[in-house]
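In: Build me a model:
(4 chains)
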Number of protein chains: 4
Amino acid sequence: MNVPAFEVHTEDGLARFMRIRRQTLGLCAGLSGEDLQVQSMPDASPGKWHLAHTTWFFEQFVLGHDPAYRPRHPEWHYLFNSYYESVGPMHARPRRGVLSRPSLEEIRDYRARIDEAMGERIARGVDATLAASIELGLQHEQQHQELLLTDIKHAFWCNPLRPAFGHASASESRSLPMRFLPGREGPVEVGHEGRGFTYDNETPRHTTWLPAHALANRLVTNSEYLAFVRDGGYEEAGLWLADGWATVQRKGWQRPLYWQEDLSSEFTLAGIRPLDPQAPVCHLSYFEADAFARWAGARLPTEAEWEDFASSRPVTGNFQESRRFHPAGAPHGDGLLQMYGDVWEWTASPYVSYPGFKPLPGALGEYNGKFMNGQWVLRGGSCVTPRDHIRASYRNFFPPHARWQFTGIRLGQDR
Amino acid sequence: MNVPAFEVHTEDGLARFMRIRRQTLGLCAGLSGEDLQVQSMPDASPGKWHLAHTTWFFEQFVLGHDPAYRPRHPEWHYLFNSYYESVGPMHARPRRGVLSRPSLEEIRDYRARIDEAMGERIARGVDATLAASIELGLQHEQQHQELLLTDIKHAFWCNPLRPAFGHASASESRSLPMRFLPGREGPVEVGHEGRGFTYDNETPRHTTWLPAHALANRLVTNSEYLAFVRDGGYEEAGLWLADGWATVQRKGWQRPLYWQEDLSSEFTLAGIRPLDPQAPVCHLSYFEADAFARWAGARLPTEAEWEDFASSRPVTGNFQESRRFHPAGAPHGDGLLQMYGDVWEWTASPYVSYPGFKPLPGALGEYNGKFMNGQWVLRGGSCVTPRDHIRASYRNFFPPHARWQFTGIRLGQDR
Amino acid sequence: MNVPAFEVHTEDGLARFMRIRRQTLGLCAGLSGEDLQVQSMPDASPGKWHLAHTTWFFEQFVLGHDPAYRPRHPEWHYLFNSYYESVGPMHARPRRGVLSRPSLEEIRDYRARIDEAMGERIARGVDATLAASIELGLQHEQQHQELLLTDIKHAFWCNPLRPAFGHASASESRSLPMRFLPGREGPVEVGHEGRGFTYDNETPRHTTWLPAHALANRLVTNSEYLAFVRDGGYEEAGLWLADGWATVQRKGWQRPLYWQEDLSSEFTLAGIRPLDPQAPVCHLSYFEADAFARWAGARLPTEAEWEDFASSRPVTGNFQESRRFHPAGAPHGDGLLQMYGDVWEWTASPYVSYPGFKPLPGALGEYNGKFMNGQWVLRGGSCVTPRDHIRASYRNFFPPHARWQFTGIRLGQDR
Amino acid sequence: MNVPAFEVHTEDGLARFMRIRRQTLGLCAGLSGEDLQVQSMPDASPGKWHLAHTTWFFEQFVLGHDPAYRPRHPEWHYLFNSYYESVGPMHARPRRGVLSRPSLEEIRDYRARIDEAMGERIARGVDATLAASIELGLQHEQQHQELLLTDIKHAFWCNPLRPAFGHASASESRSLPMRFLPGREGPVEVGHEGRGFTYDNETPRHTTWLPAHALANRLVTNSEYLAFVRDGGYEEAGLWLADGWATVQRKGWQRPLYWQEDLSSEFTLAGIRPLDPQAPVCHLSYFEADAFARWAGARLPTEAEWEDFASSRPVTGNFQESRRFHPAGAPHGDGLLQMYGDVWEWTASPYVSYPGFKPLPGALGEYNGKFMNGQWVLRGGSCVTPRDHIRASYRNFFPPHARWQFTGIRLGQDR
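Out: Model prediction:
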């Protein structure tokens, strides 16, 4: 693993720590203890649990490194360990919603207490190992910011009242033709490079061979996906992977997750809103992205193709900071657009290790590596990802049926 | 159905209405919005939902009788209808826990608003039909008081922190030998009699034939049930009904629901407490009650045997009003003890209709009749039942695997 | 238990033994080893398994009583024990269909070998205990004759080719009006009486109290049930028990099990045949029988009402011996018709023990008693029951969702 | 797709057709109709179904190309279509075991009839398109030979009698040290090359980049895997992928599928046999192969690494033709051993398309492409694969929990 930048600027580090931690709480501003208690499905967690688990992460992997450290509530360890088998057993994931205690107030206190201890710890100066754990904790916190938003969106959607999380900003997308831009063919280097933070699964940087290919200049829009729906895309077995077709049948899928039956409105974090035809289609499974691409006579890009394009572009786009919490239509312009932000882009690459991959040592080795089965890589971040969390080499991953994340499509082509 | 007493004393009726409604809120005094949000299993409901549903009941079946009545939140109808198919579709029962909105505060307002409207309605005077619906609504409210307590007990038990709902009162039970008292043989009348309130399922009063039989003078105790456990009761197929044995195997049952693995303490509404050897054993399924009876060389009483004994006894015992929220050891005395309160007593009678049974007309006919399959009758009320809710003819019913209610055993015998 | 008639006529006993055993094999005459291998659902068993299990029953409970007896294939004990926990563990019921070995030929040999041993044993003379076990084995054999036919019917129905088991005989039913005949009110004796064979669950004979009631003179016909279907019976929640309605929704029931979608033909043991409007409707669950009765403004009879009527009538009707293997229209005549044969009649009585019930001693006590939960009593036998197997006090039982037996409806009424 | 060799030698083609078809029947020589009727799990099919489906394949995709062709049993189309959605609906896969009709005899007749028609068709001469379909049908037939054996092995194992399919040949494996042989680094060509038959998923041949790596000279043995078991491999979460660990917990896995609890014998097609310590371990899931590799400080090879090694080696090994039907210890020798035959080798490569992949046109495009989700590639064939069915570029694929195929492990390493 690279040595993270955290320790270099102790001063900045502390400010950054506090800023990111506050950002998480800020997202909960309009939510009640009841809202934060709900677990709408096994894949999602209560908001309250996100607040506690991210705090536990610092307690466990930073403060706990000091042998003299004594947690005030050792019995919470079991509750807020997510999946780290090597640090002990844990509360069953689908049962997080039953934990009304500790209360939201106790968890806010917990956050404040740990933040204070972390502040003192950082002020004393940290070595490279600890700096790396703090940095990982902050990246982890940002991941859970995104999950907190996707989970509350799902919980609110499960409520027939369809409550709104926030207000919608006006959206005036304009149409932009889709064009395919050719990529490089031959050996290229992919994977994390340089001194910044990286997850272990982005390493080692290595050579891979790109075939002749091209990528679409922008994301697939709602109107394009609507054409697929209207063309009977969900009724035509030949467009789907066998597992996808079985899923469509079993779950009765007929449109993206949050589209209303009228095909002209959708549930958003601002409640039910008219569908913007030029905005990127969102909340699709891999199965739907793959079927759409086949219908369109194209395919999904591989993660290496995507990364080779993305690595030379600045990380700008519609992120959490825009506070839209919804994908937006492509800006006008030449070249590749919307590579970062808006929606995570499903790739044609299963989530597996890079050649020579070594997980982090110890319990943190469970962070990424043990999930390398049955999932597909997504790239580029979304409208609920913090801007400074994403980079060209970033690998997100979800199983092919997952739809509650902000996930969409960029098409690719053989050349 | 009998004409209920409600209308006879309008003045008392109003006071009683408000008292019972307040009693429900009073039970929630120590619970947070988060506590009241939790649904720990499909059979249980969030406390908040109980508060709203009982209110909806009055709005739907009393206020809604006025054609001019306009609900302020017609969209809540779908949320708080429990199972009345004839008044419209409803939110799926196992998904009640996702409803963080309306908030607890809104539901408290809802209660206050409906109580006010009910107060005005009652003050204007009600006819027999409406009085019957109000009375049913109050009885219904009392049933949900009990469910609110059993459901919060289950939710807290699912939390590894095992929080307490209230404080424990000291318990000093003394040992009392079990004796069998002979009952009447031949034709007897059972079912509701007189002018007081009755559910439809307690009617019509009718003749049934009792065989020669006897009933135990008191409930089975923890120490007696412990002897069954220690004798290998849960490992001996021959003691169990086939469905019971399959359930024991599938669920890994080895002791009553809330007993700790050490067999010397149990989870109560006051948290983990030592097991009182002389207190009635509690939180047993029908399967366990039946197996214990077989092991003990006895059987469960039928509901007619129970009722014939009970009908001549006053309704006194350890009820909700004692605020113990836990069964207590038998008082010393002759004759039948603990017939009312402490624990619901499983009977050997499947829950079916009495000869000539007619459900209530209209939607309220769904209250009891449609559940007459696959359940067993329980008698006598429990330590979380309001005292004025119970009577000799009262028929409670649950499926044979249910354990989260306060359920226990009184033995019977052939003579 | 009564002393069975078996020992009284040793000569006849042997002949009867051989006749009943041959009758089972005779039913398999047109079936291949492959047909007899199929298990179409967990509730059904392969025909081959029925042939082996009934044989095992004699080996286990008659021949095995001799301490010197040595089974040739002790390893088959595990395979062919159905549910007798007290004689050892057993092969999982839903997995009986995987047992291609022992082969059908080996099982025929097994039958022949055990029959020979039984012949020798009977010839040597048997005491009352052994006679009772032999008698029970023959009654058991006859039950499995019926199951063999219902199970092969289900297996053939699961095959899209819809093969026929036998040939259909011409059916020319004529219409007969339904009338209700009043029954006795007051105390009556029910349960087995006299010296003939009885299962333990028909005893002891005891007093019960009949309310004022009446029974329909004949079974409900296909045309009557069709009217229920056409009236939207399967779409109207108010007609159903809650469990029944949930089952209808979950399984998509819209008509009796073997009716074709056109509502004018049905699958029979003679293949697809036109629906005879005057023949009894068949292959209904308890839920459907109950809903139909409610729709018809009637109810199902209780088992005591049925038995009190039946006990004075001769056991004649359309049984297995007619080799129709299908219910037939009511003969013309006065009084109660079709009480025996044609279809098992669902009653309004849950299957529970009679007052003072004692199961048989030892393993045979598992025969009936342990199933007394969640099932309903059926009376009267069917067109696949052997005539000499049935009697007025006979209690059959199935869970409320079961439809693959020959089950139908006789209406009852309060008076 | 390459033009297959089939048409080049019409004479040989016919002989080959008949030989391969006869070979399938030959495998059933010792099996009864009952054996061939059993479906032991949804993933497996009855032997009879394999016999019919492979025949249907020729009828559908070769004979059916003639517009004048009329199938004798058009109703069988529905039964024997496996998963070709584009040629119509099909019988549910998990319900193949209920099809006792058509009988084995009818299916043998069906095979004879179609073989005769195919013989005539081939004799008349076939064009390239038809030749390709015949060739595909023969390859398909060979795949089902393997499945027939793995499925009957599973069916027999489900039978507590553990019957044997055939006789065991003596096995005297000797120990051979494991060594790692370095592979090539840099760009290599993989995928099918030349004129012989290929499945579409082996194409197009393309460049990929190999990292520095090495492969073990032989397969992992029973004794090596036993060391993993004894070292607590199945109890150590840290060795497993998260999905693998969840599977181990849920299914209670403690050893390879067919190993006996004593860890010294295993179920084989010759019945229970002592475990040969030097024979390759077999019937492992991907999860187990991956966990073993991690425990051993190694990893699984990628499919490209495997293919680059294999492509220069002759296709020799322990195949179906040896009639051992069980993997054998490695022969002595230098270099890579056991690359072909014995067991399919799990690779670290998810089953996805090659760059530029085009499925076959029409219904046959469903053969391979639609399964490219959630499966892993296996290479090299097994002891039940026909020798002339396999090649270096051959890609087999199964989901990570599958254990009933002859699957094992070759280790790889980073260099």
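In: per-residue pLDDT, the residue nearest to residue A:224 when sequence neighbours are not counted?
Out: Nearest non-adjacent residue to residue A:224, counting by Cβ to Cβ, 6 or more residues apart in numbering or on different chains: residue A:281, 7.2 Å away. (C-beta placed from N, C-alpha, C; glycine too.) What the model reports as pLDDT for residue A:281 is 98.
In: Show the contacting residues for residue A:281.
Out: A:219, A:220, A:221, A:222, A:224, A:225, A:256, A:343, A:408, A:409 (Cβ atoms under 8 Å, 6 or more residues apart in numbering or on different chains).
In: So out of everything in the stretch 1-150 of chain A, what residue is nearest chain C?
Out: residue A:41 (20.6 Å; Cβ to the nearest Cβ).
In: SS state for that residue?
Out: Here residue A:41 takes the coil state, with states given by DSSP: H, G, I helix; E, B strand; the rest coil.
In: Got the phi and psi for the closest residue in space to it that isn't next to it in sequence?
Out: Nearest non-adjacent residue to residue A:41, counting by Cβ to Cβ, 6+ apart: residue A:154, 6.7 Å away. Note on residue A:154: its backbone torsions stand at phi -60, psi -40 [degrees, to the nearest 10].
In: Residue A:180 now?
Out: In this entry, residue A:180 is assigned phi and psi values of phi -110, psi 130 (degrees, to the nearest 10).
In: Wait, it touches residue A:213, no?
Out: No. Assessed by Cβ atoms under 8 Å, residue A:180 is found out of contact with residue A:213, at 9.1 Å.
In: neighbours around residue A:322, how many?
Out: Other residues lying near residue A:322 total 16 when counted by other Cβ atoms under 10 Å in any protein chain shown.
In: List the contacts of the residue lying closest to it once chain neighbours are set aside.
Out: Using Cβ to Cβ, 6+ apart and skipping residues adjacent in sequence, the residue nearest residue A:322 is residue A:383, 6.9 Å away. Counting by Cβ under 8 Å, 6+ apart, residue A:383 makes contact with A:318-320, A:322, A:324-328, A:341-343, A:406.
In: got the residues you listed as a markdown table, with secondary structure, distance to residue D:268 and pLDDT columns?
Out: A markdown table is the format used below for the contacts of residue A:383 (DSSP: H, G, I helix; E, B strand; the rest coil; distance: Cβ to Cβ, whole Å; pLDDT from 0 to 100):
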| residue | secondary structure | distance to residue D:268 | pLDDT |
| --- | --- | --- | --- |
| A:318 | strand | 61 | 97 |
| A:319 | coil | 59 | 98 |
| A:320 | helix | 59 | 97 |
| A:322 | helix | 64 | 95 |
| A:324 | coil | 63 | 96 |
| A:325 | coil | 60 | 97 |
| A:326 | coil | 60 | 97 |
| A:327 | coil | 57 | 97 |
| A:328 | coil | 62 | 96 |
| A:341 | strand | 57 | 98 |
| A:342 | coil | 56 | 98 |
| A:343 | coil | 52 | 98 |
| A:406 | coil | 52 | 98 |
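In: what number of residues lie near the closest residue to chain C within the stretch 151-300 of chain A?
Out: Closest to chain C within the stretch 151-300 of chain A is residue A:252: 13.6 Å, counting by Cβ to the nearest Cβ. By other Cβ under 10 Å, the residues close to residue A:252 number 8.
In: That one and residue A:229, how far apart?
Out: Applying Cβ to Cβ, to the nearest Å, the value for residue A:252 to residue A:229 is 14 Å.
In: ditto for residue A:151
Out: Applying Cβ to Cβ, the value for residue A:151 to residue A:229 is 26 Å.
In: so how far is the first residue of stretch A:322-334 from its last?
Out: With Cα to Cα, to the nearest Å as the measure, stretch A:322-334 spans 23 Å from end to end.
In: should've said stretch A:182-192
Out: From its first residue to its last, stretch A:182-192 covers 23 Å (Cα to Cα).
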